[in-house]
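**Q** the following comprises the amino acid sequence and a computationally predicted model.
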Amino acid sequence: MNSARPSNGRPAKSKVLPWLVVAIMFIPVIVLIAVMSRTGLQVERYDFYPFQLQAVLAVFLAAQAPELLSRDQRYHVLPLYFSRPISRSDYAVAKLAAMITAMFAVIAGPLLVYYLGSIATISHSAGDFRHQSAQFGAGLVNAAFHAIVLGSLGVAIAAFSSRRAFATA
């Protein structure tokens, strides 16, 4: 087994960008929690976080959507998928669900850390807790909306190209 290629066939350098994006998504949250712990005031609203980091989300989407679809098309493995009792729509829905889930995890993970940090630093009463929980719920709905819209767009664009470079561009 080649040490440069892990068991799933992707080289280690292709995994750097997704993890870098995840780290970039968490850095502002860590800074916001530090500011909240010093000031005692909530610095940011949960529903604005995806808007402020849309460029980072676009980079993640541009890197991962083609990776999700292009290799299947380029190496002609789709007939292998369809040799079993699976419909074409099942394949498309599974790929779309995978992209939406990944986008949601990238957006909602930092929101969860921010929520826990805000509960730990500024919530001192039941009213504060309810307020933070309501804002977090709205942030999760917003994250789901972003994940559905961006994931759908990314998969739709990537589906039209069998080359990752073209789909990424």
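**A** Received the coordinates, thanks.

**Q** give me the below-cutoff pLDDT ranges for the protein.
**A** 1-14, 70-84, 86, 123, 161-169 (pLDDT under 70).

**Q** repeat the analysis, applying 80 as the threshold.
**A** Applying pLDDT under 80 to the chain flags the ranges 1-15, 40-44, 66-92, 122-124, 159-169.

**Q** centre-most residue in it?
**A** Taking Cα atoms, centre = their mean, the centroid of the chain lies closest to residue 103, which sits 2.4 Å from it.

**Q** my read: it touches residue 151, true?
**A** Yes. In this structure residue 103 lies within contact range of residue 151 using Cβ atoms under 8 Å: 4.6 Å. Quick note: C-beta positions are derived from backbone N, CA and C, even for glycine.

**Q** can you tell me the element the residue nearest to the centre of the chain falls in?
**A** Following DSSP states H and E, one finds residue 103 within helix 88-121.

**Q** list the buried residues in that helix.
**A** Using 16 or more other Cβ atoms under 10 Å as the test for burial, helix 88-121 gives 95-96, 98-100, 102-104, 106-108, 110-115, 117-118, 121.

**Q** need the contact list for residue 92.
**A** Applying Cβ atoms under 8 Å, 6 or more residues apart in numbering to residue 92 gives the contacts residue 159.

**Q** quick check: residue 29 vs residue 49, distance?
**A** Noted for residue 29: a distance of 8 Å to residue 49, by Cβ to Cβ, to the nearest Å.
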